[in-house]
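Peer 1: Here is a sequence with its predicted model. Questions after.
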Amino acid sequence: MPSPAEVFGRFVRFVGELLGSSSLRFEIGPTLVVLGVLLVLLQLVARPISRWVTSDTAGLAGVARAMALAAESGTDAVVSLGGAGITRATDALGRLQTLAALPILGHVARAAARSGIPLRVLTNDPIAGVMAAATIEAAHASTETPERHGRSRIVMVGEGRSTIAALAMTTRARPAAAFAVGSLREEALLHLDGLRGGAGSIATASAEAAQAPSLLLSGGAALIGPEPFQAIADLRTDVEERTMVMAANRLIVLAIALILVGSALALAGVVDLAAFLAGTGRG
Amino acid sequence: MNDHSRALTRAAPILLIIGLAIAWQAPDVGWLRLSDAESKRAELMTSALDALPDQPRVLIGYDPDLGTYAEIRQTARALLADLLARDGRLAFVSLTAEGRALASAELARLGRGEANPTRLLDVGFIPGAEAGLVGLTRDIRAGQLDDGAFTREVELEGIGAFDAIVVIGGNDLGPRSWVEQVMPRIGDVPLLSVTPIVLLPEVEPYLAGEQLAAGLTTPRDGAAYRESLELGNLSRLVESTEPRPLPLLLGMLVAVAVLGQALGARMLEHLRSAGSRSIG
Amino acid sequence: MRRPTLTALVVIIGLLLLADTLVVNAALSQLAGVAVDAAILVAAGAALAGVAALGVRRVQDLWRQRGDPIGAVFVIAGMAAMLAAGLRPGSAGTTDPAVQWLVAALLVPIGATLFGLLFVTTLGAARRALATRTREGILLVAGALVTTVLLLPLSGSAGAGLADAATWSLAFPIGAVFRGLLIGIALLSAVYAARVLLGIRAADE
């Protein structure tokens, strides 16, 4: 039977072989960039800072009023989770936006639960539908209104971004409030025009840069660019949400500093910082 | 809005369609030109293709979107014909359902055009989106039963068999996903793309950073590239008619008129209210 | 309520995939490959389940005479037609002529027509944005007007000048705005993705 020292030696040799047979996939610069994002996030998670200034850009904090109006008119509220879904054949940014839409759905669902308003959630992905159903159920549980849960429903419209846009355009429903939160791409204006046409008010949120003008043109409150990811931090006092936004803010400041310093260095002909950090030209 | 305005608003889309139909049938005029005479993107694409080895093996990531396919279809077909004219061997793979449907149709069209079948390989549909892209870098299985030499090379060498990757993008999975998931896992293989203009903001930084070797991102770049081609008898594989610039001009002029009228009315109202405030 | 088992699974798989992205190692690659293959199977299974659930729901809607009966008939008929074309004995699947006819004759024209509506919808949205008298609306419409003029397909020296101005505006002022948006989006999504990978979730998620 090997002694503890021998076991330890074998383990060290194993780790050494493992490290020896490994290499970095990217150059050192891009690797440090990826690790830097994690380190900034972990630093704040370990030591969250409590000072916070709320900026509710889309007016989502006032969603209770929209729900009160819906209660008076006897209509419902509709929430569209965008066209990306979770398991659809789309890219990670689209999926992340769907994940970021769920806390906002939870906020709207809690307001709807308190007012007794049924929610209609539109999605083109089955897993997103399951997660939305769980979010609504959690909202009713947290507001102690389980008896109202059965009135809300998840509408699975079928595969495709154009499908959910077409449904929004052709539905005859007239909800008191409409929310479109998630990935909206070229179908964005069709989707939002369809939702806006029958609804009393509309709030939109999408991190698709190319569709920022569509969201602004659609009328109503709009969260564009990175704002959908940080909106929920303004709506509830959740440490993890605010930590994420603070981490991102620190990275944005760092990015701005790098751009300024890198531009100065590149103009002076000293070094090309962009190539070092991004590994450009590596193919 | 008075009755006259209401009637005009309702009739406007029909009038627009009629106008576009008339413009589509009208003869070409010399002072209209869709292509950009000095399209750097088109030149870059041609240079990137010229830099490929003889008889290049090219992986075609065919994932256009049904809604935007009409915009890039002619350019995509011209690029495929150009690659075949350079004795290229093309392997088609799709990661979206719409892309797979369009890739199948494109392969069928190439077959009807009597393209050399030994130069075409249908890898098929790979599910899982970006996970599928990562899986593609590990091994590739041809979708059809085919024991041709090209198939054997691809199955033996995997993605390393290819001299270039061309991404025909659309709405969901485009060049960005290939740059993020595939390029770090393979060597220096040039990545080229044809994308609709809606993807221009996200593709432009990759072109500027040379993570994309070349890309045709606007209809004008596509038109300039198509003008530069000399395909010989493979011209049968491209569309015989180019997009008509006259209907395009008409649509753009309608947009300018509508936006200009609305903006002008708004500015006039602002000036009138400012004037009345100063008088008051 | 958090489930520690699920959180641990998320963290382990997240760190495994992250390590595989950063480090080239054969053993690590094999382990990550297992996770990737599992993700592909889950995605495929979810897609099939979604289609089945959609079909069942629409059949139930017709049976119980609720919802939109015409829409339900179209959904069921479309699914049946495509499944019959692709899965009937002797069919070649997606390359079968019947499937390709359905795609070319129905899906492509319907999809293209839907997006053709964007022209009218965009103009309508622009006019409504101006009617709201917001600063953003005026700036957007004015910018769109200028860019449209620059993109007019004219030939000759006038067209070349417009094309040069369009290229400059796309590369610099418009490009600068989008670069800022893209940097912000990239950083927020990277932090959000790191949060998901590390299993850092809010209490009620």
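Peer 2: Perfect, thanks for sending it. Computed from a predicted model, the values in this text were never measured in an experiment.
Peer 1: ok so residue A:173 is a strand residue?
Peer 2: No - with DSSP: H, G, I helix; E, B strand; the rest coil as the criterion, residue A:173 is assigned coil and is not in a strand.
Peer 1: What pLDDT is listed against residue 93?
Peer 2: Since you didn't name a chain, this refers to chain A. Note on residue A:93: pLDDT of 92.
Peer 1: could you do chain C instead?
Peer 2: For residue C:93, pLDDT reads 82.
Peer 1: ok, the nearest residue to it once chain neighbours are set aside - how many residues close by?
Peer 2: Once flanking residues are discounted, residue C:93 sits nearest to residue C:86: 5.6 Å by CB to CB, 6 or more residues apart in numbering or on different chains. Backbone N, C-alpha and C define where each C-beta goes, glycine included. Per other CB atoms under 10 Å in any protein chain shown, the neighbour tally for residue C:86 reads 16.
Peer 1: pLDDT of the strand or helix carrying residue C:86, averaged?
Peer 2: Using DSSP states H and E, the element containing residue C:86 is helix C:69-87. For helix C:69-87, mean pLDDT rounds to 88.
Peer 1: Skip ahead from it and say which helix or strand is next.
Peer 2: Downstream of helix C:69-87 (by DSSP H and E), the next one is helix C:97-102.
Peer 1: what's the helix or strand just after that following helix packed up against?
Peer 2: Next along the chain after helix C:97-102, taking DSSP H and E as the criterion, comes helix C:108-116. Using 3 or more CB pairs under 8 Å, 6 or more residues apart in numbering or on different chains; DSSP states H and E, the elements in contact with helix C:108-116 are helix A:161-170, helix B:69-85.
Peer 1: Would you single out the least confident of these?
Peer 2: Across the helices and strands packed on helix C:108-116, the lowest-scoring stretch is helix A:161-170, with a mean of 85.
Peer 1: Quick check: buried residues in that one?
Peer 2: Applying a neighbour-count criterion of 16 or more other CB atoms under 10 Å in any protein chain shown, one finds A:161-169 buried in helix A:161-170.
Peer 1: out of those residues, which touch chain B?
Peer 2: A:161-162 (CB under 8 Å from any CB of the partner chain).
Peer 1: Identify, from the buried residues of helix A:161-170, the entry nearest to chain C.
Peer 2: Comparing the buried residues of helix A:161-170 against chain C with CB to the nearest CB places residue A:162 closest, at 5.2 Å.
Peer 1: need the helices for chain B, in chain order.
Peer 2: When assigned using DSSP state H, the helices of chain B occupy the ranges B:3-25, B:40-50, B:69-85, B:97-112, B:130-136, B:149-157, B:175-181, B:200-208, B:219-227, B:245-279.
Peer 1: between the last one and helix B:219-227, how many degrees?
Peer 2: When axes from the mean of the first three to the mean of the last three CA atoms, to 10 degrees is applied, the directions of helix B:245-279 and helix B:219-227 differ by 160 degrees.
Peer 1: does any part of helix B:245-279 sit near chain A?
Peer 2: No - Helix B:245-279 does not reach chain A (CB under 8 Å from any CB); its nearest approach is 11.4 Å.
Peer 1: isn't residue A:95 right up against residue A:85?
Peer 2: Yes - if you go by CB atoms under 8 Å, residue A:95 and residue A:85 touch, sitting 7.3 Å apart.
Peer 1: hmm, back to that, just put the helices of chain B in TSV and tack on mean neighbour count and distance to residue A:178.
Peer 2: Formatted as TSV, those follow (neighbours: other CB atoms under 10 Å in any protein chain shown; distance: least, CB to CB, whole Å):
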stretch	mean neighbour count	distance to residue A:178
helix B:3-25	12	24
helix B:40-50	18	39
helix B:69-85	22	29
helix B:97-112	21	27
helix B:130-136	22	31
helix B:149-157	16	49
helix B:175-181	22	30
helix B:200-208	20	26
helix B:219-227	24	34
helix B:245-279	14	25
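Peer 1: Let's have these in JSON lines, adding distance to residue A:194.
Peer 2: Listed next are those as JSON lines, based on distance: least, CB to CB, whole Å:
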{"stretch": "helix B:3-25", "distance to residue A:194": "17"}
{"stretch": "helix B:40-50", "distance to residue A:194": "35"}
{"stretch": "helix B:69-85", "distance to residue A:194": "22"}
{"stretch": "helix B:97-112", "distance to residue A:194": "21"}
{"stretch": "helix B:130-136", "distance to residue A:194": "29"}
{"stretch": "helix B:149-157", "distance to residue A:194": "44"}
{"stretch": "helix B:175-181", "distance to residue A:194": "28"}
{"stretch": "helix B:200-208", "distance to residue A:194": "24"}
{"stretch": "helix B:219-227", "distance to residue A:194": "27"}
{"stretch": "helix B:245-279", "distance to residue A:194": "21"}
